[in-house]
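K.L.:
Have a look at this prediction, sequence included:
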Amino acid sequence: MPLSPTDVTQLAAVDAARAARVLSEVRSATLSGQRAPLAPRPVIEQSWSRMLRSGVDPDHDFRSGLLSREEVQRRREDTALRHVLPVLREGLLSVADIAHHIMVVADDDGRVLWREGNSSVLRKADGLGFELGADWRESVVGTNGVGTPAVVRRPVQVFAAEHFQRSQTSWTCTGAPITDPRDGRLIGVVDISGPLETMHPATLAWVDSVAKLAEARLRELHLTSLERLRAVAAPVLARLPGRALAVDRDGWTAAVSGMPYTHRIALPKSLSPGRRWLPPLGLCSVEPLAGGWLLRASDEPVPPGATRIALNLTQPRRWSVTVSGGAGTWSHELSPRHAELLYLLALHRSGRSAAELAEDVFGDAGRTVTVRAEMSRVRRYLGAFLEHRPYRFREDAEVEVLLPDDPRDLLPHSTAPAVVRGGSRPT
């Protein structure tokens, strides 16, 4: 009876060598365009397709240089990953050492910042270039347990010849992304790797659970910092008339006065004191606070001037909208769903009803409640530049959409029918 991809994964737990031989045949046949004895797992097949499109060589290992020790240390100090290292070590290292694995922690650029575990496996990893400061992005070294989870944003186990590059096919790697619980942004990946005979199917759930514990720790630290800011801001807000609020450096609200509570305000990347236009407050006076900003809303109208809205979809998972006008320039990073919605509104400048957007996104015109909820979230940061009934960009705004060179890289993991079908370029 022929094996299925699931059977091969289970087989690897009891007979790693046989499973590796099967996967080697699958890899050789698939990459040469021949009929494979069985299809690769979907997550692996999709990754291989990305590698073939981008020109990664499966048989020759070309990689960028290592970061200097000084640059590795700088990145360690700058990343939020440093706050969760104790969680990762406690959850993974003791078992990893016994099971002949190593723990690798990489930042959102795929650069290895920490590498700990079994000493003999660390020496073997050196031979693969799995070193401190190494670049393990999928687009550089192919399908692997660091780069691939960063692309698909979920845990991935890569066993033996499921690796795209031949030099890695004697290894098993299991990685999980770590995201910032405040905004869902990727901050890094934690990976457990070792020789192929150390593979076990339970490793995937193990690594994922520890990554989630790390994210819970980040959430706890964020709430603590907001409490500290709230204590500083409370006496200041008590003395102020009108609408005002205290937010942290990322725009998360600690306290408000004279206005309804809102969870977060979209802040420009480089905010400075002075008068600024901030959605959804309008013109504000911005003043520094310890650990954040004091925002005092004004009732003055938005200054005149042409408005330009740039929707940048060129980089996977790093989509953004930038608004430029008389009140300055600000940007906001987009979730996958919000990127889809704004792309569709850019395609249809005359507007889309809630039912039409539901059909575009879900293939079901009846899912208007979900669409309205998502558009309500979009309007929290883009409200002054969006109209509704139908939903559309403001008529006097110039809208530009920046698209990837390869149409297949446009929102590559989207399941929205209107995106999957492929829309025309906005005009």
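P.N.:
Cool, got the structure.
K.L.:
tell me which element residue 116 falls in.
P.N.:
For residue 116, the host element (DSSP states H and E) is strand 112-117.
K.L.:
so what strands line up beside that strand?
P.N.:
If you go by DSSP bridges, strand 112-117 pairs up with strand 102-107 (antiparallel).
K.L.:
how far does the strand holding residue 116 sit from the chain's center?
P.N.:
Strand 112-117 sits 21 Å away from the centroid of its parent chain (Cα atoms, centre = their mean, to the nearest Å).
K.L.:
model confidence over it, on average?
P.N.:
Mean per-residue pLDDT for strand 112-117: 95.
K.L.:
which other helices and strands contact the helix or strand that it is followed by?
P.N.:
Counting by DSSP H and E, the element after strand 112-117 in chain order, helix or strand, is helix 119-128. Judged by 3 or more Cβ pairs under 8 Å, 6 or more residues apart in numbering; DSSP states H and E, helix 119-128 is in contact with strand 102-107, strand 186-195. Heads up, the C-betas are built off the backbone N, CA and C, glycines and all.
K.L.:
Make sure residue 393 is actually in contact with residue 349.
P.N.:
Yes - here residue 393 reaches residue 349: they are 6.5 Å apart, a contact under Cβ atoms under 8 Å.
K.L.:
okay, and the common contacts of the two?
P.N.:
residue 399 (Cβ atoms under 8 Å, 6 or more residues apart in numbering).
K.L.:
The two: which is more packed in?
P.N.:
Each of residue 393 and residue 349 has its neighbours counted (other Cβ atoms under 10 Å); residue 393 has more, 21 against 13.
K.L.:
Helix or strand for the nearest residue to the more buried one once chain neighbours are set aside, just tell me which one.
P.N.:
Once flanking residues are discounted, residue 393 sits nearest to residue 399: 5.2 Å by Cβ to Cβ, 6 or more residues apart in numbering. Take DSSP H and E as the rule and residue 399 turns out to sit in strand 397-402.
K.L.:
Just the residues contacting that strand, thanks.
P.N.:
306-314, 343, 346, 349, 385, 393, 425-426.
K.L.:
So, low pLDDT: which residues of the stretch 51-200 of the chain?
P.N.:
The model of the stretch 51-200 of the chain has no residue with pLDDT under 70.
K.L.:
what about the helices in the chain?
P.N.:
5-14, 16-31, 42-54, 69-78, 85-88, 94-98, 119-128, 138-141, 147-152, 202-238, 336-347, 354-362, 368-382, 417-420 (DSSP state H).
K.L.:
of the ones you listed, which approaches residue 276 most closely?
P.N.:
helix 368-382 (14.1 Å; Cβ to Cβ).
K.L.:
tell me the average confidence for the closest one?
P.N.:
Helix 368-382 comes out at a mean pLDDT of 88.
K.L.:
Packing partners of it?
P.N.:
helix 336-347, helix 354-362, strand 386-387.
K.L.:
Serialize these to JSON lines and add fields for mean neighbour count.
P.N.:
Below are those laid out as JSON lines (neighbours: other Cβ atoms under 10 Å):
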{"stretch": "helix 336-347", "mean neighbour count": "21"}
{"stretch": "helix 354-362", "mean neighbour count": "21"}
{"stretch": "strand 386-387", "mean neighbour count": "16"}
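K.L.:
Arrange those in a markdown table, one row each, with mean pLDDT as further columns.
P.N.:
Formatted as a markdown table, the helices and strands packed on helix 368-382 follow (pLDDT from 0 to 100):
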| stretch | mean pLDDT |
| --- | --- |
| helix 336-347 | 91 |
| helix 354-362 | 91 |
| strand 386-387 | 87 |
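K.L.:
can you put those in CSV and add distance to residue 261?
P.N.:
Below are the helices and strands packed on helix 368-382 laid out as CSV (distance: least, Cβ to Cβ, whole Å):
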stretch, distance to residue 261
helix 336-347, 22
helix 354-362, 26
strand 386-387, 22
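K.L.:
Show me the shaky parts of the stretch 201-350 of the chain.
P.N.:
If you take pLDDT under 70 as the line, the stretch 201-350 of the chain has these spans: 279, 299-306, 326-328.
K.L.:
okay, now the spatially closest residue to residue 46 that is not a sequence neighbour: neighbour count?
P.N.:
Of all residues not flanking residue 46 in the chain, residue 152 sits nearest, at 7.8 Å (Cβ to Cβ, 6+ apart). Counted with other Cβ under 10 Å, the neighbours of residue 152 add up to 18.
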